[in-house]
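*Asks:* Here is a sequence with its predicted model. Questions after.
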Amino acid sequence: MATAQASGAQPLVRACCSRLPWYGTLWLMAMTTAAKATAYHNFIDGAWVPSVSGGEFENRNPAAPDDLIGTFQKSTAADVGRAIEAARRAFEHWRLVPAPRRAEILFRAAQLIAERKEALARDMTREMGKVLDETRGDVQEAIDMTYFMAGEGRRQYGQTVPSELRDKFAMSLRQPLGVCAVITPWNFPMAIPSWKIIPALVCGNTVVFKPATLTPLSALNFIRILEQAGIPRGVVNLVTGGGGEVGDAMIGSDEVRVVSFTGSTAVGRPVSERGAPSFKKVHLEMGGKNVIRVMDDANLDLAVEGCLWGGFGTSGQRCTAASRVVVHEKVYKTFLDRFTARAGALRVGNGLDAATEMGPVVSEGQLDTVMEYVRIGQSEGARLVCGGHRLDQGALGKGFFHEPTVFADVAPSMRIAQEEIFGPVVAVIPCRSYDEAVAIGNNIQYGLSASIYTQDVNRAFSAMRDLYTGIFYVNAPTIGAEVHLPFGGTKATGNGHREAGTAALDVFSEWKSVYVDFSGRLQRAQIDAVDL
């Protein structure tokens, strides 16, 4: 970190907090930060430096907004320019480091993340709100991705193929592109950066990284680990601040050759447009309105638990959240009664409390969005059967908490069934047949994830074929992707690229075909005949 305070105060707080209940932890943290908030800096060209603007923004706990986590740099285009120039210079060296050597640094980073998993998860819960089990999972995903991509340092396979001419060798290989701009959201503040930054690095690129302003600490923790693992100066750079100032400067730079963005479709569209004039590669991972279909032969107990986790995990703030549940009319009432009862019984509270099952939404603005969609659902005629209110009493009243909310008898055309809410709101839609369930599932602008609960293997395989999404599950919710398979969606969810798996290498590298003629004479492919 940038200061002795930043590197010394936090471990002291954690050591004290480890012997306190969660509310004591929050009190001690609040008292510590009230005395003097930690100021965190940008990371540019191997050094922790303040913004040239001198401005800062606050990072607060959504479960207890009086808890000031720290202040971060309100960066400018000038800071971005410095970071891009550092990355440009570093690329000339980093691209020549053999991929297995690059991978060794990433492997050390994975080990460091694993060693510090609990502390990283607690920092994440404090700044983002989701419960500790989920933030531990977020950190674990970063561990998994970093180990996986470290292995790709020895597996960036190309092709060797026979030439149509004698005494000629033909092969293909990957080559890095240069400076990558990485822009990430707040809901998975360590997993998603790892999906982008780690494959970019193993391919030989350099990175300028802008995290969401709501979760900058987790991003900073991730970059600090890369620094400690031995990433050379300038290879990775962190610039915090708003998208209008920092993000636009990154996207518009001619020195940036790849932009990898995760966020809403509304923002992703202009990102694509801004990248087009300089022909840079733009990777977009955007919105989702995912569907679980519960058929008449489903194991209802399993389906209820899956829909509960899919709809209310991370307080519904996932691009893969199961915000639509389409249920066959034969089991509709039974499912709805069980699902509503379970949703209404979820324990909502501070994510640092081990008893909590659902934390707050991330900000007051996000809470306002959720409450507006509840109003929209009621005005459209959907039946509110669970929740629907902000939790504003007692200790929860100071945070951004909302009840788990279920609407029943939802028509597929309603806005709550068509638009991404990004909150703890689930729309339950009746259907009369498998074919109708497929039609409802596909009749949406997004195409990220879908699921079916059924005990009919033929129906399950039909559903795999029929749902036009990038991810599909059978007898499981719409969340739970693993790092060794491609992640991404169709239609307005993405623009054809994929994260995770070896598909991620295609975002951050380009193919080069190489021909070596060792005949000692001119040979003309497709023209000169080869003697048999």
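*Replies:* Done, it's in.
*Asks:* Show me which residues of the longest helix seen in the chain are buried.
*Replies:* Using DSSP state H, we find that the single longest helix of the chain is helix 132-151. Within helix 132-151, the residues that count as buried by 16 or more other Cβ atoms under 10 Å are 132, 134-150. Any C-beta I mention is one placed from the backbone N, CA and C, and that applies to glycine too.
*Asks:* Check the offset of it from the chain's centre.
*Replies:* 12 Å (Cα atoms, centre = their mean, to the nearest Å).
*Asks:* helices or strands next to that helix in the packing?
*Replies:* helix 99-115, helix 117-128, helix 191-202 (3 or more Cβ pairs under 8 Å, 6 or more residues apart in numbering; DSSP states H and E).
*Asks:* Does the closest residue to Q526 other than its chain neighbours belong to a helix, a strand or coil?
*Replies:* Counting by Cβ to Cβ, 6 or more residues apart in numbering, Q526 lies nearest to E164, which is 7.7 Å off, once chain neighbours are set aside. Classification of E164 using DSSP: H, G, I helix; E, B strand; the rest coil returns coil.
*Asks:* and the residue nearest the centre of the chain, how far is that from E285?
*Replies:* Geometric centre of the chain, nearest residue: I192, 3.6 Å, by Cα atoms, centre = their mean. Distance, I192 to E285, by Cβ to Cβ, to the nearest Å: 8 Å.
*Asks:* cool, S163 as well?
*Replies:* 39 Å.
*Asks:* neighbour-wise, which of the two wins?
*Replies:* E285 (27 against 16; other Cβ atoms under 10 Å).
*Asks:* What about L120, how many residues nearby?
*Replies:* L120: 26 neighbours (other Cβ under 10 Å).
*Asks:* from what I can see it touches L217, true?
*Replies:* No. Counting by Cβ atoms under 8 Å, L120 stays clear of L217, with 9.6 Å between them.
*Asks:* show me what contacts the nearest residue to P424 once chain neighbours are set aside?
*Replies:* Distances taken as Cβ to Cβ, 6+ apart place G316 nearest to P424, at 4.2 Å, with adjacent residues excluded. Applying Cβ atoms under 8 Å, 6 or more residues apart in numbering, we find G316 in contact with S323, I421, F422, G423, P424, V425, V426.
*Asks:* Just give me the closest of those residues to G241.
*Replies:* F422 (22.2 Å; Cβ to Cβ).
*Asks:* element containing that closest one?
*Replies:* Counting by DSSP states H and E, no helix or strand carries F422.
*Asks:* So what's the residue count around it?
*Replies:* Neighbours around F422, by other Cβ under 10 Å: 25.
*Asks:* Please name the nearest non-neighbouring residue to it.
*Replies:* In space, F422 is closest to Q317, 5.3 Å off (Cβ to Cβ, 6+ apart).
*Asks:* can you pull out the helices in the stretch 301-450 of the chain?
*Replies:* 332-344, 364-380, 415-418, 434-442 (DSSP state H, counting those that start in this stretch).
*Asks:* Relative to E357, which of those is closest?
*Replies:* Smallest distance to E357 across the helices of the stretch 301-450 of the chain (Cβ to Cβ): 10.2 Å, for helix 332-344.
*Asks:* Quick one: mean pLDDT for the closest one?
*Replies:* Mean pLDDT, computed over helix 332-344, is 98.
*Asks:* So which other helices or strands are in contact with it?
*Replies:* Looks like helix 332-344 contacts helix 300-312, strand 324-328, strand 383-386, strand 405-408, strand 425-431 (3+ Cβ pairs under 8 Å, 6+ apart).
*Asks:* and if we set it to 10 Å?
*Replies:* Where contact means 3 or more Cβ pairs under 10 Å, 6 or more residues apart in numbering; DSSP states H and E, helix 332-344 is packed against strand 291-294, helix 300-312, strand 324-328, strand 383-386, strand 405-408, strand 425-431.
*Asks:* Alpha carbons only: can I get the second one in CSV?
*Replies:* Coordinates of each C-alpha in helix 300-312 appear next as CSV, following Å, rounded to 0.1, in the frame of the first residue of the first chain:
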residue,chain,number,x,y,z
LEU,A,300,-39.7,-29.9,-5.9
ASP,A,301,-37.6,-29.8,-2.8
LEU,A,302,-34.5,-29.6,-4.9
ALA,A,303,-36.0,-27.0,-7.2
VAL,A,304,-37.1,-24.8,-4.3
GLU,A,305,-33.6,-24.8,-2.9
GLY,A,306,-32.0,-24.1,-6.3
CYS,A,307,-34.4,-21.2,-7.0
LEU,A,308,-33.7,-19.8,-3.6
TRP,A,309,-29.9,-19.8,-4.1
GLY,A,310,-30.2,-18.7,-7.7
GLY,A,311,-32.6,-15.8,-6.9
PHE,A,312,-31.3,-14.5,-3.6
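*Asks:* now that helix and strand 425-431, what's the angle there?
*Replies:* 140 degrees (axes from the mean of the first three to the mean of the last three Cα atoms, to 10 degrees).
*Asks:* list the contacts for F487?
*Replies:* 192, 195, 285, 319-320, 448-449, 470-471, 481, 494, 498-501, 503-504 (Cβ atoms under 10 Å, 6 or more residues apart in numbering).
*Asks:* which of those residues count as buried?
*Replies:* Of those, these count as buried by 16+ other Cβ under 10 Å: 192, 195, 285, 319-320, 448-449, 470-471, 481, 494, 498-501, 504.
*Asks:* ok, of those, which one's closest to E273?
*Replies:* G494 (15.7 Å).
*Asks:* The closest one touches S260, doesn't it?
*Replies:* No. The pair G494 / S260 is not scored as a contact, 11.4 Å apart, by Cβ atoms under 10 Å.
*Asks:* and for the two, which residues touch both?
*Replies:* H283, L284, E285.
*Asks:* Which members of the contacts of G316 define the maximum pairwise distance?
*Replies:* Across those, the longest distance by Cβ to Cβ is 12.6 Å; it joins F422 and V426.
*Asks:* Low-confidence ranges, this structure, go.
*Replies:* 1-35 (pLDDT under 70).
*Asks:* Just want the phi and psi numbers for G494.
*Replies:* phi -160, psi -180 (degrees, to the nearest 10).
*Asks:* what is it paired to in the beta sheet?
*Replies:* Under DSSP bridges, the beta-bridge partners of G494 are E285.
*Asks:* separation between it and A276?
*Replies:* For G494 relative to A276 (Cβ to Cβ), the value is 16 Å.
*Asks:* swap in P199?
*Replies:* 23 Å.
*Asks:* Write down the beta-bridge partners of Y446, one by one.
*Replies:* Bridge pairing for Y446 - DSSP bridges - gives K491.
*Asks:* Do I have it right that it meets A492?
*Replies:* Yes. Using Cβ under 10 Å, Y446 makes contact with A492 at a distance of 5.4 Å.
*Asks:* and the residue lying closest to H93 once chain neighbours are set aside, how many neighbours?
*Replies:* Spatial nearest neighbour of H93, chain neighbours left out: P232 (6.8 Å); criterion: Cβ to Cβ, 6+ apart. P232 sits with 15 neighbouring residues when counted by other Cβ under 10 Å.
*Asks:* Which residues are in contact with P232?
*Replies:* Applying Cβ under 10 Å, 6+ apart, the residues near P232 are G46, A90, H93, W94, V97, R102, I105, T206.
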